[in-house]
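In: sequence plus predicted model, see below.
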2 protein chains.
Amino acid sequence: MEIKVVRKILAENDAQAAANRRRLTRARVAAVNLMGSPGCGKTSLLEALRAAAPRLRLGVMEGDIATTADAERMAACGIPVVQINTDRFGSACHLAANMVSAALDALPLEDLDILVIENIGNLICPGEFDLGEHRRVVVASVAEGPEKPLKYPLMFRRADLVLVNKVDLGRQAGDAAQLCRNVRKVNTDGAVIRTSARTGLGLRAWARWLRRLHAELFGKL
Amino acid sequence: MEIKVVRKILAENDAQAAANRRRLTRARVAAVNLMGSPGCGKTSLLEALRAAAPRLRLGVMEGDIATTADAERMAACGIPVVQINTDRFGSACHLAANMVSAALDALPLEDLDILVIENIGNLICPGEFDLGEHRRVVVASVAEGPEKPLKYPLMFRRADLVLVNKVDLGRQAGDAAQLCRNVRKVNTDGAVIRTSARTGLGLRAWARWLRRLHAELFGKL
């Protein structure tokens, strides 16, 4: 009985995710699902991306259990943004496709090339829910330690791109090279970029990756 | 229908947790549920606790989705340890009372004063499941940023002790004072200790807190 209920929820989520993806594709918006631990630097990387690629027409959907802190940071950068707070959905530990569907109505899709859906800070549960994105991006801070890809394999295995972040903190905070090697152990063909929102390292490479994604899906920008 | 199933799961968990707590209390073992984000430093703090308080009779239950890396680190310190891997439980994103019950059989309870149950690295889901512990301890790394208590309020609100960790990384990594103030905003009466596994800061204070807990429950050690 319990298994049937869970299967039904996942099947409904997949159907809604497919509808979201069709809507985004029709609007020629390339969507990425941005995931990672609490405090790995997802929001700071979006602020830095804005600075590094000001002409990229970026929109953001912010997922948090509570507060609109991240949406306010995006709005302060002039990025079209909508906040989803899951405390209205039983404090859900991940976004789901129905939440994204409702939030899409609040964004000017015709003015966007790229939509970043910043998921709840959680290295486990968001990995199991398709939101209708075109690609999955995982952020891992070097300060989390290098072994995380081995301990949370699902999230890293399914990533199309891993951003190894906060490399400016240096070796005292964590071993970036070992972290990259461990990403490779569970994910043989995803891209890996080392980033720092503080120094700007890797931000242009990330912007290029996003532009290439848009070109792949819809032709050159 | 779905709500009924979830309620039944939670009720069964609570019954098993109460049984675990009775068993631990009978054995005069004070148990804490140690929670926090991936890479916040839970395991390193246990290694450092061993070094700072060698006479504390400590046992550890390690929760991870995959790998026995953390259990190996505990065993290398001479700490009695048992590993729970949730990849056998559908890669569960949190420990549950039934997993703890089975793992208790593998520990020499009669030789322990303190049992630390190191939960899966996750700032959300573990907060909802009673394991049968006596107290809840949350670790937050300064590198995660100071706003985490506001964005993940349940975890911090219910904590009996918050360890503000990795303070040796300094202001470049994050604002420890602001993090402490934000803990206070959601939790008015829990203890807060600043720690660094690297420098040993706060480790004796944490050991004192654990000894006092044991004394509260079972009389002075």
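Out: Received the coordinates, thanks.
In: how close does the residue nearest to residue A:147 when sequence neighbours are not counted get to residue B:33?
Out: Of all residues not flanking residue A:147 in the chain, residue B:69 sits nearest, at 5.8 Å (C-beta to C-beta, 6 or more residues apart in numbering or on different chains). Bear in mind the C-beta positions are built from the backbone N, C-alpha and C, glycine included. For residue B:69, the distance to residue B:33 (C-beta to C-beta, to the nearest Å) stands at 20 Å.
In: more crowded one of those two?
Out: Each of residue B:69 and residue B:33 had its neighbours counted (other C-beta atoms under 10 Å in any protein chain shown), and the higher figure belongs to residue B:33 (29 against 15).
In: contacting residues for the more buried one?
Out: B:117, B:119, B:126, B:131, B:133, B:135-137 (C-beta atoms under 8 Å, 6 or more residues apart in numbering or on different chains).
In: SS state for it?
Out: The three-state label given to residue B:33 by DSSP: H, G, I helix; E, B strand; the rest coil is strand.
In: just give the nearest non-adjacent residue to it, would you?
Out: Once flanking residues are discounted, residue B:33 sits nearest to residue B:133: 3.9 Å by C-beta to C-beta, 6+ apart.
In: from residue A:173, how far out is the one you found?
Out: Using C-beta to C-beta, we find residue B:133 at a distance of 30 Å from residue A:173.
In: what does the pLDDT read for the residue positioned nearest the centre of chain A?
Out: The centroid of chain A falls nearest to residue A:34 when counting by C-alpha atoms, centre = their mean (0.5 Å). Predicted confidence (pLDDT) at residue A:34: the value is 98.
In: same question, residue A:177
Out: Looking at residue A:177, its pLDDT reads 97.
In: list the buried residues of the one helix or strand it maps to.
Out: Assigned by DSSP states H and E, residue A:177 belongs to helix A:176-186. Across helix A:176-186, burial judged by 16 or more other C-beta atoms under 10 Å in any protein chain shown covers A:176, A:179-180, A:182-183, A:186.
In: surely residue A:14 forms part of a helix?
Out: Yes: counting by three-state DSSP, residue A:14 is located in a helix.
In: only alpha carbons, please: show stretch A:184-196 as PDB.
Out: Presented in PDB, the C-alpha positions along stretch A:184-196 are these (Å, rounded to 0.1, in the frame of the first residue of the first chain):
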ATOM      1  CA  ARG A 184      34.900  11.600 -11.400                       C
ATOM      2  CA  LYS A 185      34.600   8.300  -9.500                       C
ATOM      3  CA  VAL A 186      30.800   8.500  -9.500                       C
ATOM      4  CA  ASN A 187      30.200  10.600 -12.700                       C
ATOM      5  CA  THR A 188      32.300   9.800 -15.800                       C
ATOM      6  CA  ASP A 189      30.900  12.300 -18.300                       C
ATOM      7  CA  GLY A 190      29.600  15.400 -16.500                       C
ATOM      8  CA  ALA A 191      31.400  18.700 -16.700                       C
ATOM      9  CA  VAL A 192      33.400  20.000 -13.700                       C
ATOM     10  CA  ILE A 193      34.200  23.700 -13.200                       C
ATOM     11  CA  ARG A 194      36.100  25.100 -10.200                       C
ATOM     12  CA  THR A 195      34.500  28.300  -9.000                       C
ATOM     13  CA  SER A 196      34.700  31.100  -6.500                       C
END
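In: so which bits of chain A are right by chain B?
Out: Residues of chain A found near chain B (C-beta under 8 Å from any C-beta of the partner chain) are A:1-2, A:5, A:9, A:37-40, A:64-67, A:69, A:91, A:93, A:120-125, A:141, A:143-145, A:147-148, A:150-154, A:166, A:168-169, A:172-174.
In: now, these that are in strands?
Out: The strands in this structure, assigned by DSSP state E, contain A:64, A:141 from the residues of chain A next to chain B.
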